[in-house]
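Novice: I'll drop the sequence and a predicted model, then ask my questions.
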Amino acid sequence: MDPAQPTNDSGDLGESGEKPPSVLYEPSPAGVREERAHDVNIDIHTQRYDGVQRRMEQRHIQMIGLAGTIGTGLFLGSGMVLHRAGPAGALLAYTMCGTLTYAMTACLGEMSTFAPISGGHIHFAERWLHPSMGFAVGWQIVFTTFVAIPTEVIASSILISFWDKKFTQAHQAGYMTMFIVVCSIINLLGVRWFGEFEFAFATMKIILIVGLIIAGLVVSLGGGPNHERIGFRYWKDPGAFVPMLYPGAKGKFLAWFTNVVTAGYSFVGMEAVAIAAAEVKNPRVSIPRAIKRVFIRIVLFYIVSILVIGMLVPSTDPDLLRNRGTAASSPFVIAFSHAGIKVLPSIVNGGVLSSAFSATCSGIYSGSRILYSLGLRGMAPRFVAYTTKRGLPLVAVLITSVFLTLSYMALGAGAETALTWLLALTSLSGFIVWGTVGATYIRFRRGMEVQGFDRSTLRYANPLQPFLAWWVLVWAVLLVFLQGWPVFTRGNWNTTDFFISYITIPVFVLLLVGYTIAKRPRAIKLKDLDFVSNIPTDEETGYEEPKAPTTWWGKVLGFLFT
């Protein structure tokens, strides 16, 4: 069965209603295979062959989606949100980001299940929104990855200083080198080994988060060594909300809105499910399962965690402001230290270290696949589309890994300022991507309606669409343009803060306009959107009907890992 079929006979399948003829592949120089189509509707751009292979297991894709949402932002960054917005404000900020994340993944899930192909949302934006948009978003993500993953390497080295009492720059350089080499090797081993490592890291983080939540509830109810019952005491004093710049409801709302942006950085990475769609086995079963459980995982690992943190630590606790880059900055550690539990800091630091290490590995994977897909689409040099016989985009992985060496900038004088400005260029990329996904889905859905496709034949179709797409699109636009609002208030203008808040926008526009001028791509009408070319059939993806477990333990394991 094909992913979807048009209900009218005048669609892309031709008058007979038959599929277009098969595509033949021939080897070409530089190791990049190209495809020669016998039908003009197949492969609308470069006709290059997608050389990646489906070697990732279903359980891998489940955990990759989860691992992308649990990182240092939850363990360390949540303390800053709590301080700035208060317990209720922080809870509402993370809840809001949770709804946006779910909406974005629902859009991606439907498109990726229909078309499990390389490039994911970048390819979708080029195909169904506008070619220039695919180029701009793709290179924005690549640049973001090149700059962001070195900061994870730096964070990992600083986390080790928690145990290294003789921590020096030489030690830090050694730790960073070790992380760079190990993370690069994991990705060079191939997608299956990458999936196994991510599965292990994600499992560790799940165990840690669940353990911290349970321990936090026990302490809140008076089960700690000091037997002090806390409950919701800190919601009353110092209060549930912390106003920002203005008193009363206005200040509380602005504090919440500002911290939605801060909380949003903790959720960036969920797009990895779509990026991996071309390399996962049985994607039309695996991807819908991953997407359907996103909501439950967001509630459990984010919203419940923030609720517990808000119960345990007052927003005025001075330790929340001491950002030392180790577990000592974690609100969980602060809470358990106040309760008299001394063993937790090392455990939490280990969990945060595994998160930073996992984020580095995932960053190499995601960045290399986006770079590879840009090469496939003719939007990057041809050689980055090279793949080995085992389906590894070798050149793209090596290029992405080389940029990890930017982490050594942390060892030089003035490097902190340089890194701050580099990160400023990437600060809004996540929200730009989310908005693009929403806009792409709206066009995808409208195009299907115009061309007569029956959505009931799709393997995954969220019943809340297109509301979810509009929800994430509108909020992404608001967050991109309004997140730097404090600099426009009386007496708070700061040129540096202004550029850090908004420099991403002109860079994105420059990419968009530059490609449009250089290539002059035409906007595609809804009736001409391509829902056929290079989209694999069920047989080509190895589709198998899911088998329901019969035992209770099988159902539990199936829910967690499939």
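Specialist: Yes, it's here. From a predicted model like this one, the values you see are computed outputs, not experimental measurements.
Novice: secondary structure class for residue 205?
Specialist: helix (DSSP: H, G, I helix; E, B strand; the rest coil).
Novice: mind checking how far it is from residue 355?
Specialist: Separation of residue 205 from residue 355 (C-beta to C-beta, to the nearest Å): 6 Å. Backbone N, C-alpha and C define where each C-beta goes, glycine included.
Novice: Looking at those two, which one has more neighbours?
Specialist: More crowded of residue 205 and residue 355, by other C-beta atoms under 10 Å: residue 355, with 27 against 24.
Novice: how about the strands of this protein, start to end?
Specialist: In the chain, the strands defined using DSSP state E lie at 23-26, 34-37.
Novice: what sits in contact with each of residue 205 and residue 355?
Specialist: Taking C-beta atoms under 8 Å, 6 or more residues apart in numbering as the criterion, residue 205 and residue 355 both touch residue 70.
Novice: Show me the domain layout of the protein.
Specialist: 1-49, 50-488+500-527 (automatic domain parsing).
Novice: Mean pLDDT lowest where, among the strands of the chain?
Specialist: Among those, strand 23-26 carries the lowest mean pLDDT, at a mean of 36.
Novice: List phi and psi for the residue most central in space within the chain.
Specialist: Closest to where the C-alpha atoms of the chain average out (C-alpha atoms, centre = their mean) is residue 269, at 1.2 Å. Main-chain torsions, residue 269, degrees, to the nearest 10: phi 130, psi -10.
Novice: What's the mean pLDDT across the longest helix along the chain?
Specialist: Secondary structure of the chain per DSSP state H: the longest helix is helix 78-114. Computed over helix 78-114, the mean pLDDT rounds to 90.
Novice: List the buried residues of it.
Specialist: 78-98, 100-114 (16 or more other C-beta atoms under 10 Å).
Novice: Excluding residues flanking it in the chain, which one is nearest residue 266?
Specialist: Spatial nearest neighbour of residue 266, excluding adjacent residues (C-beta to C-beta, 6 or more residues apart in numbering): residue 73 at 3.2 Å.
Novice: my guess is that neighbour contacts residue 269, does it?
Specialist: No: in this structure, residue 73 is not within contact of residue 269 by C-beta atoms under 8 Å, at 9.7 Å.
Novice: Local confidence estimate at residue 41?
Specialist: For residue 41, pLDDT reads 29.
Novice: same deal with the one 4 residues further on?
Specialist: pLDDT, the model's per-residue confidence, is 54 for residue 45.
Novice: List the residues that contact residue 125.
Specialist: Contacts of residue 125 by C-beta under 8 Å, 6+ apart are 133, 134, 137, 138, 436, 437, 439, 440.
Novice: redo that, cut-off 7 Å
Specialist: 133, 134, 137, 436, 440 (C-beta atoms under 7 Å, 6 or more residues apart in numbering).
Novice: now those in JSON lines, with distance to residue 531?
Specialist: Listed next are these as JSON lines, based on distance: C-beta to C-beta, whole Å:
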{"residue": "133", "distance to residue 531": "18"}
{"residue": "134", "distance to residue 531": "16"}
{"residue": "137", "distance to residue 531": "20"}
{"residue": "436", "distance to residue 531": "19"}
{"residue": "440", "distance to residue 531": "13"}
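Novice: Residue 83 versus residue 520, what's the distance?
Specialist: In terms of C-beta to C-beta, residue 520 sits 50 Å off from residue 83.
Novice: Quick check: which ranges of the protein have low pLDDT?
Specialist: 1-50, 66-69, 71, 322-327, 412-427, 546-562 (pLDDT under 70).
Novice: Can you tell me what sits against stretch 336-346?
Specialist: 219, 224, 225, 226, 327, 328, 333.
Novice: Pull out the buried positions in that stretch.
Specialist: Buried, per 16+ other C-beta under 10 Å, within stretch 336-346: 336, 338, 339, 341, 344, 345.
Novice: So what does the third one have for phi and psi?
Specialist: Right, the one you point to is residue 339. Residue torsions, per degrees, to the nearest 10, at residue 339 are phi -80, psi 0.
Novice: and the gap between it and residue 235?
Specialist: 18 Å.
Novice: likewise the first one?
Specialist: Here the distance between residue 336 and residue 235 works out to 20 Å (C-beta to C-beta).
Novice: what does the fifth one give?
Specialist: Counting by C-beta to C-beta, the gap from residue 344 to residue 235 is 23 Å.
Novice: for the fourth one, same thing?
Specialist: Here the criterion is C-beta to C-beta. By it, residue 341 lies 22 Å from residue 235.
Novice: can you tell me which residues contact the closest residue to residue 381 other than its chain neighbours?
Specialist: In space, and not counting its chain neighbours, residue 381 is closest to residue 375: 6.6 Å by C-beta to C-beta, 6+ apart. The contact partners of residue 375, taken as C-beta under 7 Å, 6+ apart, are 381, 382, 384, 385.
Novice: May I ask which of the residues you listed has the most neighbours?
Specialist: The contacts of residue 375, ranked by neighbours (other C-beta under 10 Å): first place residue 385, 29 neighbours.
Novice: thought that residue was touching residue 374?
Specialist: No: at 8.5 Å, residue 385 and residue 374 do not qualify as touching, with contact defined as C-beta atoms under 7 Å.
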